[in-house]
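**Student:** Sharing a sequence plus its predicted fold:
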Amino acid sequence: MEQLRDPSSWRRALVLVRRFRQEPGTANLRRFDPLVEAVLSERAALHGLDDQTLSERARLTANADLADDGDLVGFLAVASEVARRRLGMEPFEVQLLAAVSMLRGRVVDMETGEGKTLVGFLVAAGLAVTGRRVHVLSANDYLAGRDAQAGAALFAAFGLSCAAVVDGMDHADRRAAYRSDVVYATVHQVGFDLLRDRQRSTDAQRLVPELDAAVIDEIDAVLLDDAMVPLVIAGDAEPRPEEAALAEVVAAMTAGVEYEVDGERRNVSFNEAGITALEEHLGVDDLYAEDYVALLTTAHVALHAHALVDRDVHYIVADGQVRLINDSRGRVADRQRWPDGLHAAIERKEGLAVTARAEVLDQMLVETVARGYRDITGMSGTALDASERLAEDLDLRTGAIPTNRPGIRVDEPDRLYLTAEERDAAAAERVHAAHAAGQPVLIGTASVADSERFAGLLADRGIGAVVLNAKNDAAEAEIIARAGEHAAVTVSTQMAGRGVDIRLASRAAAAGGLLVLGLGRYDSARLDHQLRGRAGRQGDPGRSVFYTSLDDDVVTEHLIIGYDPRSVDADGRIHDKRFRRIYEHAQRVADGKLLQLHRTTRRYHTATDQHRRLLLDIRERLLTDPAALDDYLARVWPVGSDRPHAWTRPDRRRLAVEVALYHLDRAWTRHLNLLAEVREGIHLRVLGRQDPLDEFNLIAIDDFRALAEAATAATRHTLDAASENATTLADLGLRRPSSTWTYMVADNPFGSEADRFFEFIGQALRGGRPPAISYT
């Protein structure tokens with residue numbers, strides 16, 4: 001019989017091992033037990049107080065010093081009693097331990113169903129009563145709005161205001177919401193509003209006050225999974241008619257005739273017939289000539305969209321729009337687009353209206369937003385798995401919070417099969433048996449297409465499964481609410497793997513609790529742990545198991561195995577332990593690649609972030625300090641010129657500031673566009689024995705120095721040519737974009753140009769074979 005594991009015991013053992021080894025990022029939270037005991041004792045004494053007296057005690061906590069143990073204990077005791085009376089929720093001992101730990105600057109790992117929302121209320125209120133401006137960064141707009149409303153009564157007891165910032169709010173409402181003591185929002189909303197602030201021409205237009213304290217829910221998702229996602233503000237740009245024309249030509253091409261796709265379906269290229277067809281359509285002699293580089297690039301983008309990007313895997317079509325799917329969540333990624341014309345190419349492929357071309361005005365990474373806060377704390381069900389990364393990236397230490405009730409979920413070892421077909425057949429039989437016994441089942445899949453395919457497989461066996469994926473995410477709450485019912489079968493993408501609370505019906509608990517079954521593993525083990533965590537909440541019974549195969553993407557995209565397993569059942573199940581180790585190694589390789597991409601992306605953005613801060617400092621001083629304009633104009637004209645005096649008069653200063661800001665912003669936009677172009681080809685420097693990163697930084701530094709000169713020269717030219725009657729930018733012939741919008745840039749599904757270049761070189765050296773691995 002296979003050995004089964006009790007999840008609570010192995011997680012406790014993991015914590016102990018990490019502490020013994022002194023692994024970075026871990027923290028012993030039991031040191032705060034005496035404070036928790038003191039809170040419990042003081043809270044008990046508050047039960048007999050009437051509401052008015054309790055309210056007076058709450059108001060007395062204003063401007064408390066929670067660095068003092070006594071003030072911390074007093075606040076949490078009062079807050080706990082207020083939560084019991086106003087919210088109907090009395091914090092458990094473990095929730096108080098989490099709150100104390102977070103108010104002491106730690107990140108906490110809390111299992112699913114242990115009440116992270118209430119902990120967030122306590123921590124946010126605790127920070128706010130000390131005078132901090134607090135942002136609680138939620139996983140999505142729905143949760144931000146829900147939690148702001150749910151916690152309002154607790155915050156009000158302490159004289160604190162609370163609001164949510166979500167999509168659809170106008171500028172005035174957003175500005176008012178950000179002035180609240182506690183603000184619930186997503187990190188994307190905050191980032192987009194910061195980008196809007198950087199385009200403003202008056203200080204009165206500012207949305208976001210200086211970032212102070214952040215409480216991050218699902219902290220590893222925000223700071224690791226989404227950290228390198230660029231947030232973009234863009235303005236309208238001129239359309240390119242050649243893109244539509246090339247898309248029509250490419251759409252009529254056939255694999256093996258006009259183009260070739262590699263065996264791994266990650267690269268595609270025109271062959272001679274394809275290039276000839278393009279040249280005939282465009283009426284050019286040589287598409288590889290320097291004059292036609294832009295056309296050739298556009299053609300390759302259209303070819304990638306046509307041949308490699310798959311509907312219901314990389315994206316879905318909903319409400320007449322291409323909607324991207326977030327790989328780590330399995331749900332639609334709101335306001336996310338692909339770069340380099342790829343998004344428009346997919347829209348043409350699907351016969352949809354093509355969204356307007358955009359000129360990127362500014363952008364910054366999600367991680368850059370997070371790093372802007374003075375202090376960060378957070379919580380997650382998989383924070384412990386990310387402890388080393390959080391320590392390395394943000395100097396945050398993480399500790400595990402014990403469960404309120406002992407965990408009894410059983411985690412079975414993986415069941416490994418030769419092929420995906422054999423894996424799915426065995427998994428379907430397991431679901432059939434559980435369903436017949438009345439046990440609810442949640443099946444986790446890697447994509448929309450996989451979820452629908454496996455649901456069809458179950459239907460063939462007479463099982464009517466409910467499918468939850470990016471196509472029906474609006475019904476997520478309703479579907480999840482029923483996933484714990486007797487004999488329920490739910491097939492889901494990773495969207496049901498985080499922030500979801502599945503409650504068991506009594507008959508379902510008697511049948512063994514929720515069975516979580518994963519079809520293949522994800523690239524990151526953290527995502528697997530999130531899926532497992534749907535079962536066994538608050539001491540409920542439950543089981544989890546992963547059905548895997550050697551055909552899974554996590555294996556085929558990273559390894560090649562040079563020999564066959566020695567022990568295989570007739571149904572394809574592999575018992576060779578070496579192959580389990582190989583599969584686990586493949587996942588570590590995949591996770592390692594994600595980590596390396598994270599680090600490389602950050603290194604490429606470091607110089608840009610530094611330059612942005614310098615530019616923003618100039619911008620802010622021009623907006624807020626009257627003397628800054630005098631200093632700036634003194635650099636615009638040569639020493640001794642009397643021109644600055646003409647523009648420092650009270651009636652001319654406002655226009656001079658707007659002109660200076662306009663040219664600074666335009667120079668920055670050109671700088672970003674140049675760096676984007678440079679980065680696409682910088683990998684070629686390695687052929688000349690140069691370090692691409694060093695060369696990129698040198699180019700970035702040189703161009704930023706030129707940026708300042710270009711901005712002052714353009715300002716001088718505009719002001720010298722201005723008439724006395726000019727009062728607006730339009731009077732000077734200058735125009736900011738007539739409309740702006742914000743979005744996130746998704747990773748190109750084929751990797752960057754550098755990724756594809758090195759993959760091509762590697763395959764050439766290996767004779768077209770992927771990297772090999774062997775075990776002896």
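**Tutor:** Received it, and whenever you're ready, just let me know what you need. Just so you know, these numbers come straight off a predicted model, no measurement behind them.
**Student:** ok, now how distant is the residue nearest in space to the middle of the chain from Ala234?
**Tutor:** Note on the chain: the residue nearest the mean C-alpha position is Asp226, at 2.2 Å, using C-alpha atoms, centre = their mean. Using C-beta to C-beta, to the nearest Å, Asp226 is found at 19 Å from Ala234. Every C-beta, even on glycine, is put in place using the N, C-alpha and C of the backbone.
**Student:** same thing with Thr276?
**Tutor:** As judged by C-beta to C-beta, Thr276 and Ala234 stand 36 Å apart.
**Student:** More neighbours: those two, which one.
**Tutor:** Ranked by neighbour count (other C-beta atoms under 10 Å), Thr276 and Ala234 place Ala234 first, with 22 against 13.
**Student:** That one: what secondary structure?
**Tutor:** strand (DSSP: H, G, I helix; E, B strand; the rest coil).
**Student:** who does it bridge with?
**Tutor:** With DSSP bridges applied, Ala234 shows beta-bridge pairing to Val360, Trp741.
**Student:** For Thr298, see how far away it is.
**Tutor:** Ala234 is 19 Å from Thr298, where distance means C-beta to C-beta.
**Student:** Kindly report the same for Arg635.
**Tutor:** Arg635 is 41 Å from Thr298, by C-beta to C-beta.
**Student:** Asn469 now?
**Tutor:** 32 Å.
**Student:** Between those two, point out the one with more neighbours.
**Tutor:** Taking other C-beta under 10 Å, Asn469 and Thr298 do not tie; Asn469 has more neighbours (27 against 22).
**Student:** ok, the more buried one touching Ile479?
**Tutor:** No: look at Asn469 against Ile479 with C-beta atoms under 8 Å: they stay out of range, at 10.1 Å.
**Student:** for the stretch 301-450 of the chain, what spans make up the strands?
**Tutor:** Counting by DSSP state E, counting those that start in this stretch, the segments of the stretch 301-450 of the chain that form strands are 315-318, 321-324, 336-337, 358-365, 375-380, 398-400, 410-411, 415-417, 441-444.
**Student:** between those strands, which gets the lowest average pLDDT?
**Tutor:** When the strands of the stretch 301-450 of the chain are ranked by mean pLDDT, strand 336-337 comes last with a mean of 68.
**Student:** Report the spatially nearest residue to Gln538, omitting neighbours in sequence.
**Tutor:** Setting aside the residues directly before and after it, Gln538 is nearest to Gly113 in space (C-beta to C-beta, 6 or more residues apart in numbering), at 4.7 Å.
**Student:** Assign the one you found to helix, strand or coil.
**Tutor:** Criterion first, three-state DSSP; result for Gly113: coil.
**Student:** so how many other residues sit close to it?
**Tutor:** 21.
**Student:** go on, Thr601?
**Tutor:** Each residue near Thr601 was counted by other C-beta under 10 Å, and the total is 18.
**Student:** check contacts around it.
**Tutor:** When contacts are counted by C-beta atoms under 8 Å, 6 or more residues apart in numbering, Thr601 touches Met228, Leu365.
**Student:** thinking again about what came up before, check the residue nearest to Gln538 and give its pLDDT.
**Tutor:** For Gly113, pLDDT reads 82.
**Student:** was I right about it contacting Ala535?
**Tutor:** No: counting by C-beta under 8 Å, Gly113 sits too far from Ala535 to count as a contact (10.1 Å).
**Student:** Domain map for this structure?
**Tutor:** Domain assignment for the chain by automatic domain parsing gives 7-19+30-234+367-396, 238-355, 410-575, 593-745.
**Student:** Okay, strands next: where are they in the stretch 101-250 of the chain?
**Tutor:** Under DSSP E, counting those that start in this stretch, the stretch 101-250 of the chain gives strands at 107-109, 134-137, 162-164, 182-185, 213-217, 230-236.
**Student:** can you redo the ones you listed as CSV with distance to Asn673 and mean pLDDT?
**Tutor:** Formatted as CSV, those follow (distance: least, C-beta to C-beta, whole Å; pLDDT from 0 to 100):
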stretch, distance to Asn673, mean pLDDT
strand 107-109, 37, 96
strand 134-137, 30, 98
strand 162-164, 35, 98
strand 182-185, 29, 98
strand 213-217, 31, 97
strand 230-236, 11, 81
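**Student:** can I get those strands in a markdown table with distance to Gly256?
**Tutor:** Shown next, in a markdown table, are the strands of the stretch 101-250 of the chain (distance: least, C-beta to C-beta, whole Å):
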| stretch | distance to Gly256 |
| --- | --- |
| strand 107-109 | 51 |
| strand 134-137 | 49 |
| strand 162-164 | 53 |
| strand 182-185 | 50 |
| strand 213-217 | 49 |
| strand 230-236 | 36 |
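**Student:** quick one: which of these is nearest Val36?
**Tutor:** Nearest to Val36 among these is strand 107-109 (12.9 Å), distances taken as C-beta to C-beta.
**Student:** Output the contacting helices and strands for that closest one.
**Tutor:** Packing partners of strand 107-109 (3 or more C-beta pairs under 8 Å, 6 or more residues apart in numbering; DSSP states H and E): helix 93-103, strand 375-380, helix 387-394, strand 398-400.
**Student:** so which of these gets nearest Ala213?
**Tutor:** Nearest of the helices and strands packed on strand 107-109 (C-beta to C-beta): strand 375-380, 4.8 Å.
**Student:** Mind giving me the packing neighbours of the closest one?
**Tutor:** Short answer (3+ C-beta pairs under 8 Å, 6+ apart): strand 375-380 packs on helix 93-103, strand 107-109, helix 116-129, strand 213-217, helix 219-220.
**Student:** Output the ones you listed as CSV; include the columns mean neighbour count and distance to Glu37.
**Tutor:** As requested, the helices and strands packed on strand 375-380 are arranged in CSV below (neighbours: other C-beta atoms under 10 Å; distance: least, C-beta to C-beta, whole Å):
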stretch, mean neighbour count, distance to Glu37
helix 93-103, 25, 9
strand 107-109, 27, 18
helix 116-129, 25, 17
strand 213-217, 24, 24
helix 219-220, 28, 27
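**Student:** Quick one: closest of those to Leu614.
**Tutor:** Among the helices and strands packed on strand 375-380, the nearest to Leu614 by C-beta to C-beta is strand 213-217 (24.0 Å).
**Student:** average pLDDT for the top helix by length along the chain?
**Tutor:** For the chain, the helix that runs over the most residues, judged by DSSP state H, is helix 577-624. Across helix 577-624, the average pLDDT comes to 90.
**Student:** right, and the helix or strand after it?
**Tutor:** Per DSSP states H and E, helix 577-624 leads on to helix 626-636 as the next helix or strand towards the C-terminus.
**Student:** what about the stretch 601-750 of the chain, any weak spots by pLDDT?
**Tutor:** 680-688, 738-739, 741, 743-750 (pLDDT under 70).
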